[in-house]
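Return atomic coordinates for the entry below.
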Amino acid sequence: MSKPSEVAVLVGSLRKDSINRKLAKALISLAPPSLVPGLVELADLTLFNQDLETNPPASWVRFREAISGADAVLFVTAEYNRSVPGMLKNAIDIGSRPYGHSVWNGKPAAIVSASPGAIGAFGANHHLRQSLVFLNMPVLQQPEAYIGHADKLFGADGGLVDETSRTFLRSFMQAFADWIATQAGH
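Next up, the predicted model:
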């Protein structure tokens, strides 16, 4: 039996009561034993500026090390103006530099997008997929996960209360585990 895959979980929202943070925690709790997912925080990442590469901020170093040490990446994102939230794009840029040393290269990925609206952050999901193709990250294609009306899925304690969603999210995490194993050649 191979060791469990370490999965970096990135949340595309900084808000304390973020739907996507709640969703990420639910996904972590529903992961099969073959995955060890953990949140990688983005809030302290300064804006990318190539001039800082000569002496990168400690937050960049910490972030790059966290992603480098992961076997795969799960993106759980909100949608801002039909696209990826700026701080998530900033994290992607930080991880892709310096040129030729991208921490993303070859890492299997999956995307779950969620919003209170009906289309579940579809625009952000697809914009993110475009970046991940460029970064050479093989992205799980099916099942797709656009979680609409996500504000209705969680109780006062932040826990998932919708059983249909729980079943879907558990199967999504199993599909991601299978995808990671496929990419690793297992």
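
List the residue ranges of this structure that fall below the pLDDT cut-off.
Across the chain, the ranges flagged by pLDDT under 70 are 1, 186.

Which residue ranges of it form helices?
Assigned by DSSP state H, the chain shows helices spanning 19-29, 58-68, 86-95, 122-134, 163-184.

Out of the ones you listed, which gets nearest to Ser2?
Comparing the helices of the chain against Ser2 with Cβ to Cβ, the closest turns out to be helix 163-184 (7.9 Å). Quick note: C-beta positions are derived from backbone N, CA and C, even for glycine.

Centre of the chain to the longest strand along the chain, how far?
Ordering each strand of the chain by length in residues (DSSP state E) puts strand 5-12 first. Taking Cα atoms, centre = their mean, to the nearest Å, one finds the center of strand 5-12 at 5 Å from the center of the full chain.

and that strand, what does it pack onto?
Here strand 5-12 is seen to pack against helix 19-29, strand 35-39, strand 72-77, helix 86-95, helix 163-184 when contacts are counted using 3 or more Cβ pairs under 8 Å, 6 or more residues apart in numbering; DSSP states H and E.

Tell me the strands beside it, with direction?
Strands that pair with strand 5-12, judged by DSSP bridges, come out as strand 35-39 (parallel), strand 72-77 (parallel).

Give me whichever of these is most buried.
Greatest average neighbour count among the strands paired with strand 5-12 goes to strand 72-77 (a mean of 27), per mean count of other Cβ atoms under 10 Å.

Contacts only, for the residue lying farthest from the centre of the chain.
Largest separation from the mean C-alpha position in the chain: Thr54, at 27.9 Å (Cα atoms, centre = their mean). By Cβ atoms under 8 Å, 6 or more residues apart in numbering, the contact list for Thr54 is empty.
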